[in-house]
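> have a look at this fold, sequence not included:
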């Protein structure tokens with residue numbers, strides 16, 4: 001079994017980047033299959049909890065600010081012939097922006113679930129002393145004249161695991177995106193800094209600056225199969241498609257109501273009048289003005305030409321319920337209250 005100690009920065013990147021959800025899914029599956037176990041220093045756990053709210057907020061805010069600037073530029077300088085199409089695409093993107101924040105919230109919850117099944121490692125006094133000694137000697141991660149005590153505790157915790165009898169028979173890996181503190185400063189980022197190199201070897205203990213590479217190293221065939229399983233991702237529908245569907249539902253619901261009204265006029269239940277008089281005791285027999293009725297009949301003809309009469313009913317009770325349910329749901333998605341069925 002591989003035991004991964006994953007740096008805080010990797011966990012935070014997994015949380016904030018929607019494109020990494022497949023990678024997170026594969027990691028979850030490998031843990032479930034007991035191909036991988038997770039070692040989580042207490043300091044990593046604390047750093048993640050301290051930063052998770054910021055990550056969720058930034059995942060939405062950063063995209064939103066860029067989007068706003070782009071839209072302003074298109075409005076101001078866009079080609080008048082192509083501007084409408086460009087803005088339609090941008091509106092589709094705008095509709096998806098809140099989903100990015102929701103994606104980050106979901107990823108944070110999944111990561112915390114992984115922490116729940118991980119081995120949490122407390123920093124011993126020995127680990128803290130070795131981290132302090134690195135600071136005194138200016139060794140990585142202190143070689144850049146910065147206070148890197150947290151990173152020093154992480155690397156010394158990892159070194160303690162490598163040397164521990166508890167992990168005999170395990171292969172270990174440190175995964176970090178923090179190349180500046182942990183990688184070889186001569187230019188080979190995939191090689192650990194000479195000051196921490198003693199904790200790594202070709203087989204038992206390995207160094208990675210990419211979680212994807214670490215996972216592939218574990219079992220290439222298994223990981224390839226898992227990646228294929230996770231590749232399908234259901235994208236939210238663009239705003240333009242939602243608006244088109246809503247317009248069609250609005251037309252069909254209105255048309256059906258119009259035909260019911262028409263049947264009441266033909267049966268004499270409702271009267272056509274030159275001018276409507278008020279009040280009317282029963283709205284079910286309320287008369288309709290002649291000009292309003294003429295406009296409604298013209299509108300009905302346009303709907304028939306647009307969709308074809310065969311696609312406009314009559315509907316069964318089930319079909320009518322589905323039609324209104326879809327109508328209500330799409331309006332709710334766009335900000336209306338539930339059951340808003342006015343046409």
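Looks like it came in fine. This structure is a prediction, so every number in the text was calculated from the model and none was measured.

> from now on I want contacts and neighbour counts done on CA atoms only, so please keep to that.
Will do.

> quick one: residue 15 from residue 121, how far?
In this view, residue 15 and residue 121 are 22 Å apart by Cα to Cα, to the nearest Å.

> leaving out chain neighbours, which residue sits closest to the most centrally placed residue in the chain?
The residue lying closest to the centre of the chain (Cα atoms, centre = their mean) is residue 103, at 2.6 Å. With Cα to Cα, 6 or more residues apart in numbering as the criterion, residue 103 has its nearest non-adjacent residue at 6.3 Å, and that residue is residue 18.

> that neighbour: neighbour count?
Using other Cα atoms under 10 Å, residue 18 has 19 neighbouring residues.

> and it, how far from residue 266?
Relative to residue 266, residue 18 is positioned 58 Å away (Cα to Cα).

> and what of residue 315?
For residue 315, the distance to residue 266 (Cα to Cα) stands at 20 Å.

> for residue 260, same thing?
10 Å.

> thought residue 47 was touching residue 10?
No. Assessed by Cα atoms under 8 Å, residue 47 is found out of contact with residue 10, at 11.7 Å.

> which one's more surrounded, residue 315 and residue 266?
residue 315 (13 against 10).

> what's the neighbour count on the residue nearest to residue 167 when sequence neighbours are not counted?
Residue nearest to residue 167 in three dimensions, not counting chain neighbours: residue 161, with 6.7 Å by Cα to Cα, 6+ apart. Around residue 161 there are 20 other residues, counting by other Cα under 10 Å.

> then residue 54?
12.

> let's verify it: helix, strand, or coil?
Under DSSP: H, G, I helix; E, B strand; the rest coil, the three-state class of residue 54 is helix.

> so who does it touch?
Not one residue lies near residue 54 by Cα atoms under 8 Å, 6 or more residues apart in numbering.

> how about 10 Å then?
By Cα atoms under 10 Å, 6 or more residues apart in numbering, residue 54 lies in contact with 12, 16.

> how much space between it and residue 104?
Distance of residue 54 to residue 104, computed by Cα to Cα: 10 Å.

> shared neighbours of these two, anything?
What both residue 54 and residue 104 touch, as defined by Cα under 10 Å, 6+ apart, is the set 12, 16.

> the residue sitting furthest away from the middle of the chain: what's it in contact with?
Ranking residues of the chain by C-alpha distance from their mean position (Cα atoms, centre = their mean) puts residue 274 at the top, at 56.6 Å. The contact partners of residue 274, by Cα under 10 Å, 6+ apart, come to 287, 288, 289, 290, 291, 292.

> turn those residues into JSON lines, including secondary structure, distance to residue 37 and pLDDT.
Formatted as JSON lines, these follow (DSSP: H, G, I helix; E, B strand; the rest coil; distance: Cα to Cα, whole Å; pLDDT from 0 to 100):
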{"residue": "287", "secondary structure": "coil", "distance to residue 37": "75", "pLDDT": "80"}
{"residue": "288", "secondary structure": "strand", "distance to residue 37": "73", "pLDDT": "80"}
{"residue": "289", "secondary structure": "strand", "distance to residue 37": "75", "pLDDT": "82"}
{"residue": "290", "secondary structure": "helix", "distance to residue 37": "77", "pLDDT": "84"}
{"residue": "291", "secondary structure": "helix", "distance to residue 37": "75", "pLDDT": "86"}
{"residue": "292", "secondary structure": "helix", "distance to residue 37": "72", "pLDDT": "84"}
